[in-house]
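Chemist: here is the input, now give the coordinates:
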Amino acid sequence: MTALTRVPVGDLVLDVVDLGPRDAETVLLLHGFPQSSWEWRAIWPALLEAGYRVVAPDQRGYSPGARPDGVEAYRMTELVGDALGLLDALEVPQAHVVGHDWGAAVAGHLAGRRPGRLRSLTAVSVPHPAAFGAALRSDPDQRERSQYMLAFNEPDAESRLLADGAAWLRSGFGALPDADVYVRRMQEPGALTAGLNWYRAQTIGMRDPLPAVTVPTLYVWSDGDVALGPVPAAATASHVDGPYRFEVLHGVSHWVPEEAPEQLVALLLEHLRTVAAQPASQPTGGS
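Modeler: Below is the predicted model:
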């Protein structure tokens with residue numbers, strides 16, 4: 001079912017799943033760490049059946065043709081630029097943007113800084129970046145949940161994650177059936193360093209305030225997520241000035257698109273139908 005293509009975006013070449021009618025409304029699916037576009041595989045069929053075009057890239061560091069050296073190459077400005085560059089390359093003026101984990105962070109920055117390129121935003125698991133940053137500063141629970149991020153910044157993080165058959169890396173997936181798919185990708189030369197560089201670069205050039213989100217927004221959080229607590233999840237509402245819906249999936253872990261795809265896609269399709277009933281904003285600018 002997958003239609004994998006390679007799309008040049010600046011100096012990079014992204015592996016992209018591109019499915020559905022080229023003239024349909026586009027849903028851009030952005031994955032998280034340490035996954036790939038494969039995490040959305042249970043979401044694609046319902047979106048296609050509903051008539052949407054599905055675009056799901058393996059992002060910077062995950063596509064073999066997009067693994068630049070150096071931490072600074074993974075700044076948020078670069079990650080957002082990749083998403084915009086991909087939309088430009090595919091001649092998509094506006095998209096419904098859906099992100100999970102780090103993909104949700106990219107989507108949040110994209111919505112805040114380039115709202116004209118979004119028809120809607122759906123964030124899965126990760127809250128608005130400003131809400132998350134505030135929780136890291138003030139919420140003991142979230143600081144405790146985020147201790148792994150400090151370990152990911154250590155110089156020996158790669159060797160520790162991949163030691164003993166990638167035992168530590170595998171442990172983060174719990175009982176996720178396709179963990180081997182992601183572990184194999186992270187064992188490719190340079191892949192894990194590139195993925196970890198998303199964490200290592202997160203403080204570079206991110207001091208500028210992020211504008212509130214004005215596009216229609218759905219935020220889906222699961223109360224079984226060990227990495228993301230209720231404080232930043234609840235605080236996301238204060239960073240959205242447009243139409244907003246917050247949904248909690250009970251008893252679901254961090255890996256929402258694979259553990260609860262039916263629940264997620266039902267919420268997503270309802271969100272997209274609601275947005276369709278609203279007038280679209282005018283797209284602005286390129287990448």
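Chemist: going forward, measure contacts and count neighbours with C-alpha atoms only.
Modeler: OK.
Chemist: look at the residue most central in space within the chain and give its secondary structure.
Modeler: Nearest to the geometric centre of the chain sits Gly103, at 1.1 Å (CA atoms, centre = their mean). Following DSSP: H, G, I helix; E, B strand; the rest coil, Gly103 is assigned to helix.
Chemist: return the residues in contact with it.
Modeler: Counting by CA atoms under 8 Å, 6 or more residues apart in numbering, Gly103 makes contact with Leu29, Leu30, His31, Gly32.
Chemist: now the second one. Its backbone dihedrals?
Modeler: Going back to what we said before, that points to Leu30. Main-chain torsions, Leu30, degrees, to the nearest 10: phi -110, psi 120.
Chemist: so it touches Ser37, yeah?
Modeler: Yes. Here Leu30 lies in contact with Ser37, judged by CA atoms under 8 Å, at a distance of 7.2 Å.
Chemist: who's more crowded, the two?
Modeler: Legend: neighbour count by other CA atoms under 10 Å for Leu30 and Ser37, higher for Leu30 (27 against 20).
Chemist: dump the residue contacts of the more buried one.
Modeler: Leu30 makes contacts with 37, 56-59, 97-100, 103-104, 106-107, as judged by CA under 8 Å, 6+ apart.
Chemist: can you give me the distance of Gln187 to Pro64?
Modeler: Gln187 is 12 Å from Pro64, where distance means CA to CA, to the nearest Å.
Chemist: more neighbours: which of the two?
Modeler: Set side by side, Gln187 and Pro64 show more neighbours around Pro64, with 19 against 15, by other CA under 10 Å.
Chemist: let me know the pLDDT of that one.
Modeler: pLDDT, Pro64: 96.
Chemist: what residues are up against it?
Modeler: By CA under 8 Å, 6+ apart, the contact set of Pro64 is Leu14, Ala191.
Chemist: I appreciate the help and will end here.
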